[in-house]
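> quick one, fold the following:
(chains A and B)
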Amino acid sequence: AQSVTQLGSHVSVSEGALVLLRCNYSSSVPPYLFWYVQYPNQGLQLLLKYTSAATLVKGINGFEAEFKKSETSFHLTKPSAHMSDAAEYFCAVSQETSGSRLTFGEGTQLTVNP
Amino acid sequence: DTGVSQNPRHKITKRGQNVTFRCDPISEHNRLYWYRQTLGQGPEFLTYFQNEAQLEKSRLLSDRFSAERPKGSFSTLEIQRTEQGDSAMYLCASSPGTAITDTQYFGPGTRLTVL
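Model (predicted):
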(Lines give C-alpha, C1' and ligand atoms only; values in the text may rest on other atoms or scores of the structure.)
Protein backbone atom coordinates (compact mmCIF):
# COMPACT_ATOMS: atom_id res chain seq x y z
CA ALA A 1 0.00 0.00 0.00
CA GLN A 2 1.11 3.56 -0.61
CA SER A 3 0.21 6.75 1.16
CA VAL A 4 1.26 10.36 1.51
CA THR A 5 1.11 12.68 4.49
CA GLN A 6 1.38 16.42 4.06
CA LEU A 7 2.18 18.16 7.32
CA GLY A 8 0.34 21.44 7.63
CA SER A 9 -2.91 22.01 5.78
CA HIS A 10 -2.16 25.74 5.71
CA VAL A 11 1.22 27.46 5.38
CA SER A 12 1.65 31.22 5.38
CA VAL A 13 4.84 33.00 4.33
CA SER A 14 5.87 36.54 3.53
CA GLU A 15 6.76 37.53 0.01
CA GLY A 16 10.46 36.83 -0.51
CA ALA A 17 10.66 34.27 2.29
CA LEU A 18 11.55 30.61 1.97
CA VAL A 19 8.72 28.25 1.08
CA LEU A 20 8.84 24.77 2.65
CA LEU A 21 5.96 22.36 2.13
CA ARG A 22 6.37 18.97 3.78
CA CYS A 23 5.54 15.57 2.32
CA ASN A 24 6.22 12.16 3.81
CA TYR A 25 5.37 8.97 2.00
CA SER A 26 4.79 5.36 2.81
CA SER A 27 5.54 2.76 0.18
CA SER A 28 6.41 -0.91 0.29
CA VAL A 29 8.52 -0.62 -2.87
CA PRO A 30 10.57 2.22 -4.36
CA PRO A 31 8.20 5.11 -4.95
CA TYR A 32 7.75 7.66 -7.66
CA LEU A 33 6.85 11.04 -6.19
CA PHE A 34 5.12 14.08 -7.63
CA TRP A 35 4.20 17.60 -6.60
CA TYR A 36 1.18 19.23 -8.22
CA VAL A 37 -0.17 22.77 -7.80
CA GLN A 38 -3.84 23.71 -8.07
CA TYR A 39 -4.96 27.27 -8.70
CA PRO A 40 -8.63 28.18 -8.18
CA ASN A 41 -10.87 26.96 -11.01
CA GLN A 42 -7.93 25.33 -12.77
CA GLY A 43 -6.71 21.77 -13.15
CA LEU A 44 -3.77 20.36 -11.25
CA GLN A 45 -0.46 21.24 -12.83
CA LEU A 46 2.72 19.21 -12.38
CA LEU A 47 5.53 21.09 -10.63
CA LEU A 48 8.09 18.30 -10.57
CA LYS A 49 8.53 14.56 -10.20
CA TYR A 50 11.03 12.08 -8.82
CA THR A 51 11.51 8.99 -10.95
CA SER A 52 14.53 7.36 -9.28
CA ALA A 53 17.16 9.38 -11.10
CA ALA A 54 18.65 12.41 -9.30
CA THR A 55 17.43 12.82 -5.74
CA LEU A 56 17.30 16.61 -6.06
CA VAL A 57 14.62 17.48 -8.55
CA LYS A 58 14.12 20.91 -10.05
CA GLY A 59 10.73 21.94 -11.30
CA ILE A 60 8.91 24.86 -12.77
CA ASN A 61 8.57 28.32 -11.24
CA GLY A 62 11.74 27.93 -9.15
CA PHE A 63 10.51 25.01 -7.05
CA GLU A 64 12.62 22.02 -6.16
CA ALA A 65 12.30 18.93 -3.98
CA GLU A 66 14.71 16.44 -2.53
CA PHE A 67 13.99 12.73 -2.20
CA LYS A 68 15.34 11.43 1.12
CA LYS A 69 14.84 7.70 1.43
CA SER A 70 16.08 7.53 5.02
CA GLU A 71 13.47 10.09 6.06
CA THR A 72 10.78 8.89 3.60
CA SER A 73 10.36 12.52 2.66
CA PHE A 74 9.96 14.62 -0.47
CA HIS A 75 9.65 18.18 0.76
CA LEU A 76 9.02 21.03 -1.67
CA THR A 77 11.02 24.24 -1.39
CA LYS A 78 11.40 27.59 -3.09
CA PRO A 79 14.02 30.10 -1.92
CA SER A 80 11.89 33.20 -2.36
CA ALA A 81 8.08 33.24 -2.36
CA HIS A 82 6.15 35.28 -4.88
CA MET A 83 2.56 36.42 -4.59
CA SER A 84 1.70 34.26 -7.58
CA ASP A 85 2.75 31.13 -5.64
CA ALA A 86 -0.41 31.32 -3.54
CA ALA A 87 -2.28 28.09 -4.35
CA GLU A 88 -2.93 24.60 -3.07
CA TYR A 89 -0.11 22.08 -3.37
CA PHE A 90 -0.49 18.33 -3.49
CA CYS A 91 2.13 15.65 -3.03
CA ALA A 92 1.42 12.32 -4.72
CA VAL A 93 2.99 8.88 -4.91
CA SER A 94 2.83 5.97 -7.29
CA GLN A 95 4.62 2.66 -7.36
CA GLU A 96 5.08 -0.26 -9.72
CA THR A 97 2.79 -2.55 -7.77
CA SER A 98 -0.10 -0.10 -7.76
CA GLY A 99 -0.34 0.49 -11.45
CA SER A 100 -0.70 4.02 -12.73
CA ARG A 101 -2.82 5.36 -9.93
CA LEU A 102 -1.60 8.42 -8.08
CA THR A 103 -2.25 8.54 -4.35
CA PHE A 104 -2.47 12.14 -3.20
CA GLY A 105 -1.96 13.81 0.14
CA GLU A 106 -4.62 16.09 1.55
CA GLY A 107 -2.95 19.19 0.24
CA THR A 108 -1.35 22.30 1.69
CA GLN A 109 -2.83 25.73 1.06
CA LEU A 110 -0.02 28.27 0.65
CA THR A 111 -0.72 31.91 1.45
CA VAL A 112 1.83 34.57 0.51
CA ASN A 113 1.59 37.82 2.43
CA PRO A 114 2.87 41.11 0.99
CA ASP B 1 -2.31 20.81 -27.45
CA THR B 2 -5.44 22.36 -26.06
CA GLY B 3 -5.26 20.43 -22.82
CA VAL B 4 -7.74 18.12 -21.16
CA SER B 5 -11.28 19.43 -21.30
CA GLN B 6 -14.26 18.43 -19.20
CA ASN B 7 -17.95 19.11 -19.60
CA PRO B 8 -19.99 20.31 -17.97
CA ARG B 9 -17.94 22.35 -15.52
CA HIS B 10 -20.77 22.42 -13.02
CA LYS B 11 -23.74 20.13 -12.51
CA ILE B 12 -26.51 20.46 -9.95
CA THR B 13 -28.91 17.56 -9.68
CA LYS B 14 -31.47 16.14 -7.34
CA ARG B 15 -30.87 12.99 -5.38
CA GLY B 16 -31.84 9.93 -7.35
CA GLN B 17 -31.17 11.43 -10.77
CA ASN B 18 -28.56 10.12 -13.20
CA VAL B 19 -25.71 12.31 -14.40
CA THR B 20 -23.05 11.91 -17.07
CA PHE B 21 -19.78 13.75 -17.40
CA ARG B 22 -17.51 13.92 -20.40
CA CYS B 23 -13.73 14.14 -20.63
CA ASP B 24 -11.73 14.88 -23.76
CA PRO B 25 -8.07 14.01 -23.24
CA ILE B 26 -5.09 15.53 -24.96
CA SER B 27 -4.94 14.23 -28.49
CA GLU B 28 -3.18 10.86 -28.86
CA HIS B 29 -2.80 10.31 -25.15
CA ASN B 30 -3.15 6.59 -24.48
CA ARG B 31 -4.19 6.68 -20.86
CA LEU B 32 -7.15 8.41 -19.30
CA TYR B 33 -7.86 8.64 -15.57
CA TRP B 34 -10.79 9.64 -13.39
CA TYR B 35 -10.34 10.99 -9.87
CA ARG B 36 -12.74 12.41 -7.32
CA GLN B 37 -11.91 15.31 -5.02
CA THR B 38 -14.00 16.35 -2.06
CA LEU B 39 -13.61 19.62 -0.21
CA GLY B 40 -10.39 19.80 1.77
CA GLN B 41 -9.07 16.51 0.43
CA GLY B 42 -6.67 15.44 -2.25
CA PRO B 43 -7.92 13.69 -5.38
CA GLU B 44 -8.81 10.01 -5.01
CA PHE B 45 -8.32 7.56 -7.85
CA LEU B 46 -11.47 6.07 -9.40
CA THR B 47 -10.46 4.29 -12.60
CA TYR B 48 -8.25 4.43 -15.66
CA PHE B 49 -8.25 3.38 -19.28
CA GLN B 50 -5.53 2.44 -21.66
CA ASN B 51 -7.00 3.24 -25.04
CA GLU B 52 -10.52 1.77 -24.82
CA ALA B 53 -9.74 -0.86 -22.17
CA GLN B 54 -10.62 -0.13 -18.57
CA LEU B 55 -7.64 -1.54 -16.69
CA GLU B 56 -8.29 -0.71 -13.08
CA LYS B 57 -11.18 0.34 -10.87
CA SER B 58 -11.02 1.61 -7.32
CA ARG B 59 -13.22 0.25 -4.58
CA LEU B 60 -14.65 3.79 -4.49
CA LEU B 61 -16.32 3.06 -7.82
CA SER B 62 -19.57 1.50 -6.66
CA ASP B 63 -22.04 -0.26 -8.94
CA ARG B 64 -23.79 3.07 -9.50
CA PHE B 65 -20.72 4.39 -11.31
CA SER B 66 -19.78 3.40 -14.83
CA ALA B 67 -17.09 4.73 -17.08
CA GLU B 68 -16.49 4.18 -20.75
CA ARG B 69 -13.96 5.22 -23.33
CA PRO B 70 -15.32 4.15 -26.70
CA LYS B 71 -12.77 4.12 -29.51
CA GLY B 72 -10.06 5.17 -27.09
CA SER B 73 -10.79 8.86 -27.41
CA PHE B 74 -13.14 10.76 -25.08
CA SER B 75 -14.50 9.18 -21.91
CA THR B 76 -17.77 9.41 -20.02
CA LEU B 77 -18.43 8.86 -16.35
CA GLU B 78 -22.03 8.12 -15.41
CA ILE B 79 -23.45 8.12 -11.91
CA GLN B 80 -26.83 6.49 -11.51
CA ARG B 81 -29.25 7.24 -8.68
CA THR B 82 -27.08 10.02 -7.30
CA GLU B 83 -26.69 10.43 -3.57
CA GLN B 84 -25.66 13.48 -1.57
CA GLY B 85 -22.35 11.79 -0.83
CA ASP B 86 -21.55 11.89 -4.53
CA SER B 87 -21.15 15.67 -4.34
CA ALA B 88 -17.53 16.33 -5.30
CA MET B 89 -15.23 17.56 -8.01
CA TYR B 90 -14.67 14.90 -10.66
CA LEU B 91 -11.27 15.23 -12.30
CA CYS B 92 -10.07 13.71 -15.52
CA ALA B 93 -6.43 13.32 -16.49
CA SER B 94 -4.57 11.88 -19.44
CA SER B 95 -1.01 10.72 -20.03
CA PRO B 96 0.85 10.09 -23.27
CA GLY B 97 2.26 6.62 -22.73
CA THR B 98 2.09 3.63 -20.46
CA ALA B 99 4.93 4.32 -18.03
CA ILE B 100 3.99 4.87 -14.43
CA THR B 101 6.25 7.91 -14.40
CA ASP B 102 4.45 9.59 -17.30
CA THR B 103 3.01 12.93 -16.31
CA GLN B 104 -0.74 12.96 -15.84
CA TYR B 105 -2.28 16.15 -17.25
CA PHE B 106 -5.45 17.19 -15.46
CA GLY B 107 -8.56 18.90 -16.71
CA PRO B 108 -10.37 21.64 -14.76
CA GLY B 109 -12.91 19.20 -13.34
CA THR B 110 -16.68 18.89 -13.15
CA ARG B 111 -18.20 20.02 -9.88
CA LEU B 112 -21.23 17.94 -8.95
CA THR B 113 -23.72 19.10 -6.37
CA VAL B 114 -26.45 16.66 -5.34
CA LEU B 115 -29.37 18.28 -3.57
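> helix or strand: which one has residue 93?
You didn't pick a chain, so chain A it is. strand A:87-95 (DSSP states H and E).
> wait, chain B was what I had in mind.
strand B:88-95.
> partner strands of that strand, with direction?
According to DSSP bridges, strand B:88-95 forms sheet pairs with strand B:31-37 (antiparallel), strand B:105-106 (antiparallel), strand B:110-114 (antiparallel).
> get me the contact residues on chain B for chain A.
Neighbours of chain A within chain B, by Cβ under 8 Å from any Cβ of the partner chain: B:3-4, B:31, B:33, B:35, B:40-45, B:48, B:55-56, B:58, B:91, B:93, B:95, B:98, B:100-109. Quick note: C-beta positions are derived from backbone N, CA and C, even for glycine.
> PyMOL command for the buried members of these?
Remark: buried members of the residues of chain B next to chain A, expressed as a PyMOL selection using 16 or more other Cβ atoms under 10 Å in any protein chain shown:
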select buried, chain B and resi 4+31+33+35+42+43+44+45+48+56+58+91+93+95+100+102+103+104+105+106+107+108+109
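> the residues of chain B next to chain A in helices, which ones?
Among the residues of chain B next to chain A, DSSP state H puts none in helices.
> so where do the strands sit in chain B?
B:5-7, B:10-13, B:19-24, B:31-37, B:44-50, B:53-57, B:65-68, B:75-79, B:88-95, B:105-106, B:110-114 (DSSP state E).
> if we ignore the residues flanking it in sequence, what's nearest the residue of chain B found nearest chain A?
Nearest residue of chain B to chain A (Cβ to the nearest Cβ) works out as B:G42 at 3.2 Å. Distances taken as Cβ to Cβ, 6 or more residues apart in numbering or on different chains place A:F104 nearest to B:G42, at 3.2 Å, with adjacent residues excluded.
> name the residues linked to the one you found by a beta bridge.
Residues in beta-bridge contact with A:F104 (DSSP bridges): A:A92.
> roughly how far does it sit from B:W34?
14 Å (Cβ to Cβ, to the nearest Å).
> quick one: which of those two has more around it?
B:W34 (26 against 23; other Cβ atoms under 10 Å in any protein chain shown).
> please name the residues that touch the closest residue to the more buried one other than its chain neighbours.
Leaving aside its chain neighbours, B:W34 sits nearest to B:L46 (4.2 Å; criterion: Cβ to Cβ, 6+ apart). B:L46 makes contact with B:33-36, B:57-58, B:60-61, B:65, B:67, B:77, according to Cβ atoms under 8 Å, 6 or more residues apart in numbering or on different chains.
> quick check: the gap between B:L46 and A:H10.
For B:L46 relative to A:H10 (Cβ to Cβ), the value is 27 Å.
> what about B:E68, neighbour count?
Neighbours around B:E68, by other Cβ under 10 Å: 13.
> that one touches B:F74, doesn't it?
No: here B:E68 does not reach B:F74: they are 9.3 Å apart, not a contact under Cβ atoms under 8 Å.
> and the most centrally placed residue in chain B, what does it touch?
With distances taken as Cα atoms, centre = their mean, the residue of chain B nearest its centroid is B:W34 (3.2 Å). Neighbour list for B:W34: B:23, B:45-48, B:67, B:75, B:77, B:90-92 [criterion: Cβ under 8 Å, 6+ apart].
> so it bridges to which residues?
Where B:W34 sits in a bridge, its partners, by DSSP bridges, are B:T47, B:C92.
> follow-up on the earlier one: local confidence estimate at the residue nearest to B:G42?
On pLDDT, A:F104 comes in at 96.
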